[in-house]
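Enquirer: following is a predicted model, sequence given first.
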Amino acid sequence: MLKQLNIKYPIVQGGMGNISAPALVASVSEAGGLGTIGCGTMEPKVVDRLILETKARTDKPFALNIPLSVNTHSKELVDLAIKHDIKVVSLSAGNPKPFIPILKENGITVMAVVASVGHATKAEAAGADILVAEGYEAAGINSPAELTTFTLVPQICKHVSIPVVAAGGIADGFGLAAAWMLGASGVQMGTRFIATEEAPYHAIYKEKVLQATELSTIVLGRSHGQVRRVLKGIYSEKLLQVESRLDEQAYRTHTSEHQHRLGAVEGDETNGFMNSGQIAGLIDDLPTVKGLLDSMMNTARQQLEKKVRN
């Protein structure tokens, strides 16, 4: 996988939707991981600007995450990836099959985010190079199947022959070592990168992650067939109480990327929400991205060596 992605460490940054930031993306890539620009619901012209900003900060590879059923401009975003010679494209939240051939024809490595064995085998058959197996511990929108990372990853690894990246519930070297033991080739993280020096998010957001316990997240959207994991807060807890009484359009409006940005970027807990995975309860420091990745690799290797000695 490292050779496929041309990275030093098997650590991928999740896309993070409309709060995706070149400063963080570039920092992850510069530190040896794979930074990712998340397209969210953004217009192609906005994504184009983010790509250019990221390229101005790093000459290392980074990925573009396209959430197919969320962004109505998926074809244009694929064209952008080709135009800017993006080396890796991550496809999520939809059927990747129509887009994989054109990406691969242009020399782009394709990662497909999956949440079941069935999705994984179909993505492999369609030509995906790498799979991201994401459990519902993860932040943001997840599969309504609600399979956990620890059960999902080994089952997918058992049924596919391409590399698998574990996502959801990972924040340190112990999690990386566990992912390796489950058969994964690497990990993808989102919440852990919120609490880093380079992440350009509001101080209130970072502090809530640092102060979180294992019980600090809730799931919105079950009454609408969606699983969205967020931090507990004024807005999110109020929405949880009333969401079943909202029609589909009203619910989507109340959980739009606008509300996401209000919470994450502006720190407005009254009118917006903050995505977070359950692993927030384990995060209690604010390292640099490089310090985080170096520490993760050292810890993971030490844990594997310890197991071998024992």
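Expert: Yes, it's here. Numbering: from 1, shown residues only.
Enquirer: drop to CA atoms for contacts and neighbour counts, all remaining ones
Expert: Will do.
Enquirer: quick one: average pLDDT of the one helix or strand residue 112 maps to?
Expert: Using DSSP states H and E, residue 112 falls within strand 109-114. Mean pLDDT, strand 109-114: 97.
Enquirer: what of stretch 208-219?
Expert: Averaged over stretch 208-219, pLDDT sits at 97.
Enquirer: could you tell me the phi and psi values at the closest residue to residue 231 other than its chain neighbours?
Expert: Closest residue in space to residue 231, ignoring its immediate chain neighbours: residue 217 at 4.3 Å, by C-alpha to C-alpha, 6 or more residues apart in numbering. The phi/psi pair for residue 217 (degrees, to the nearest 10) reads phi -110, psi 160.
Enquirer: how close does residue 217 get to residue 134?
Expert: Distance from residue 217 to residue 134, counting by C-alpha to C-alpha, to the nearest Å: 17 Å.
Enquirer: one step back: run through who's touching the strand holding residue 112.
Expert: With C-alpha atoms under 8 Å, 6 or more residues apart in numbering as the test, strand 109-114 has contacts from 4-5, 87-93, 96, 100, 103-104, 120, 123, 128-134.
Enquirer: about what we covered before: count of neighbours near the residue nearest to residue 231?
Expert: Residue 217: 27 surrounding residues under other C-alpha atoms under 10 Å.
Enquirer: ok, so what distance separates it from residue 229?
Expert: Taking C-alpha to C-alpha, one finds residue 217 at 6 Å from residue 229.
Enquirer: joint contacts of these two?
Expert: Counting by C-alpha under 8 Å, 6+ apart, the residues touching both residue 217 and residue 229 are 276-277.
Enquirer: how far off centre is the strand holding residue 112?
Expert: Here the centre of strand 109-114 is set off from its chain's centre by 12 Å, with C-alpha atoms, centre = their mean, to the nearest Å.
Enquirer: what lines up beside it in the sheet?
Expert: Using DSSP bridges, strand 109-114 pairs in its sheet with strand 88-92 (parallel), strand 130-134 (parallel).
Enquirer: switch those strands over to CSV; also include mean neighbour count, mean pLDDT and distance to residue 47.
Expert: Below are these laid out as CSV (neighbours: other C-alpha atoms under 10 Å; pLDDT from 0 to 100; distance: least, C-alpha to C-alpha, whole Å):
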stretch, mean neighbour count, mean pLDDT, distance to residue 47
strand 88-92, 24, 97, 13
strand 130-134, 27, 98, 22
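Enquirer: got a list of what the residue nearest to residue 95 when sequence neighbours are not counted touches?
Expert: The shortest distance from residue 95 to any non-neighbouring residue, by C-alpha to C-alpha, 6+ apart, is to residue 68 (7.3 Å). Contacts for residue 68 (C-alpha under 8 Å, 6+ apart) come out as 74, 91-96.
Enquirer: derive a ChimeraX selection command for the buried subset of the residues you listed.
Expert: Selection of buried members from those for ChimeraX, criterion 16 or more other C-alpha atoms under 10 Å:
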select :74,91,92,93,95,96
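Enquirer: now, the contacts of residue 68 that are in strands?
Expert: Judged by DSSP state E, the contacts of residue 68 include 91-92 as members of strands.
Enquirer: so which of the strands paired with strand 109-114 gets nearest residue 271?
Expert: Closest to residue 271 of the strands paired with strand 109-114, according to C-alpha to C-alpha: strand 88-92, at 27.3 Å.
Enquirer: who are the packing partners of the helix or strand following that closest one?
Expert: Sequence-wise, the next helix or strand downstream of strand 88-92 (DSSP H and E) is helix 100-105. Based on contacts counted as 3 or more C-alpha pairs under 8 Å, 6 or more residues apart in numbering; DSSP states H and E, the elements that helix 100-105 packs against are strand 109-114.
Enquirer: by contact count, what packs against the following helix or strand past the strand holding residue 112?
Expert: Using DSSP H and E, the helix or strand that follows strand 109-114 towards the C-terminus is helix 117-126. Contacts defined by 3+ C-alpha pairs under 8 Å, 6+ apart place helix 117-126 against strand 130-134, helix 149-159.
Enquirer: the residue lying closest to residue 154 once chain neighbours are set aside and residue 158, how far apart?
Expert: In space, and not counting its chain neighbours, residue 154 is closest to residue 182: 5.2 Å by C-alpha to C-alpha, 6+ apart. Using C-alpha to C-alpha, residue 182 is found at 10 Å from residue 158.
Enquirer: all set, thanks.
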